[in-house]
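[1] Turn this into a model:
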Amino acid sequence: MGVSMSKWIVFIVLALIFNVVMGVVFVLANNSLWDFIKAEIDHAPPPIDEGLHQVVPYIHISGFEVGISHHIYINGTIGNLGPLPTVVPNYPYMLFWVCMAGNFVILVLALVFYEVNFGRLFRKMAERIKRSREPS
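    This is a model prediction of the structure:
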């Protein structure tokens, strides 16, 4: 037997703390990103003449950033109202990968601490499958 029960409890508590903290930070990052998007969309420029044009926010989303620019349609012609879109980092996307990597590390550490013998585990699985296929 490799690890005592108290070390397992500490390990599980640390894994839970990591996941709770990452969850809270993920929610805060989403709120921040959506507040930015809502503020940029609500801040559309006022119309020049009623009926002649329409201002449409255009959202650019990539893995590491989110940008918003405003396009204007005037009598079927499109134009951009800004030199460059307003851009912020896409923190929820980045945090997703941090959580994935952190949980992978936790899983590997758990397997190392528990000293899993994969050869024995696979033999047991093969024996169970063989027994289940035998006629009763």
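
[2] Torsion angles phi and psi at Tyr58?
    Dihedral pair for Tyr58: phi -120, psi 120, per degrees, to the nearest 10.

[3] and it, what are its bridge partners?
    Ser69 (DSSP bridges).

[4] what about the most centrally placed residue in the chain, distance to Leu121?
    Closest residue to the average C-alpha location of the chain: Phe96 at 3.0 Å, with Cα atoms, centre = their mean. Distance, Phe96 to Leu121, by Cβ to Cβ, to the nearest Å: 30 Å. From N, CA and C alone the C-beta is placed, and that goes for glycine too.

[5] same question, Asn103
    Taken as Cβ to Cβ, the span from Asn103 to Leu121 is 21 Å.

[6] higher neighbour count, these two?
    Using other Cβ atoms under 10 Å as the criterion, Asn103 and Leu121 rank with Asn103 on top: 14 against 10.

[7] so what pLDDT did that one get?
    Per-residue pLDDT puts Asn103 at 92.

[8] I'd assumed Asn19 was in contact with it.
    Yes - counting by Cβ atoms under 8 Å, Asn103 does reach Asn19; the two are 7.3 Å apart.

[9] Let me know the next secondary structure element after the worst-scoring helix or strand of the chain on mean pLDDT.
    Of all helical and strand segments in the chain, the minimum by mean pLDDT, DSSP states H and E falls on strand 77-80, at a mean of 66. Next along the chain after strand 77-80, taking DSSP states H and E as the criterion, comes strand 86-89.

[10] Just checking: what are the partner strands of that next one?
    strand 65-74 (antiparallel).

[11] how about the partner strand: buried residues?
    Within strand 65-74, the residues that count as buried by 16 or more other Cβ atoms under 10 Å are Val66, Gly67, Ile68, Ser69, His70, Ile72.
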